[in-house]
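[1] Can you look at this prediction? I've put the sequence above it.
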Amino acid sequence: MKLMLTMAAGALAITTAGAAHGAVQVAGNSSAETCYVAAARQSDSRIDLRPCDFALDREALTYQDRIATYVNRGIIQFHRGQYDLALADFDRALAMDAEQPEAMLNKAIALMRRDERGEEALPLFTRALELGTEQPAIAHYGRGLAHHLNGDLTEAYMDILTASELAPEWDAPRNDLSNYIVEPNG
């Protein structure tokens, strides 16, 4: 059975999966860990960038901790509304590890928030899922919003439904599903 989807009155809240997520944990008691904690709590404080900068500039980080710190600093930049700076940090992390799923996911979210378009973000959400992001509900929701922006309502509905199933306590996907009318197709 094929589904025909139309949008009900009202629009999806194109909030791009809410906000950047997926802070990457680092080991030990260091400025890099302080940066991780700030990213995990979705800080938007400029002061919370200092430990990230210190860790990247002065600490002897492992390769993986350096990648994680770029992701975490990017998340803080995102929450500050500094999307280009956030994207630069996600790109630095991806230049070091092109298969870092949280960098991929956060880059997709930042692109959606900055541009309010889905073309560039869509393959990044898909790749984050393929790479095993720790936030699959957010990746499906973001990809659903990208599909919606691109006019593919069927794929949008399916991804938002998956996000709702993966995180039933999360209101945004469930609320967005109510904007769709599912009709049997012939």
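    Yes, it's here.

[2] When you work out contacts or count neighbours from here on, use the C-alpha atoms and nothing else.
    Will do.

[3] what pLDDT, on average, does the longest helix anywhere in the chain get?
    For the chain, the helix with the greatest residue count under DSSP state H is helix 63-79. Mean per-residue pLDDT for helix 63-79: 95.

[4] CA atoms only: put the helix or strand hosting I160 into PDB for me.
    Taking DSSP states H and E as the criterion, I160 maps to helix 153-166. The C-alpha coordinates for helix 153-166 follow below in PDB (Å, rounded to 0.1, in the frame of the first residue of the first chain):
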ATOM      1  CA  LEU A 153       6.700  14.600   2.200                       C
ATOM      2  CA  THR A 154       6.700  10.800   2.200                       C
ATOM      3  CA  GLU A 155      10.300  10.500   3.200                       C
ATOM      4  CA  ALA A 156       9.800  13.400   5.700                       C
ATOM      5  CA  TYR A 157       6.900  11.600   7.300                       C
ATOM      6  CA  MET A 158       8.800   8.300   7.500                       C
ATOM      7  CA  ASP A 159      11.900   9.800   9.200                       C
ATOM      8  CA  ILE A 160       9.800  11.900  11.600                       C
ATOM      9  CA  LEU A 161       7.800   8.800  12.500                       C
ATOM     10  CA  THR A 162      11.000   6.900  13.100                       C
ATOM     11  CA  ALA A 163      12.300   9.700  15.300                       C
ATOM     12  CA  SER A 164       9.100   9.500  17.300                       C
ATOM     13  CA  GLU A 165       9.400   5.800  17.700                       C
ATOM     14  CA  LEU A 166      13.000   6.000  18.800                       C
END
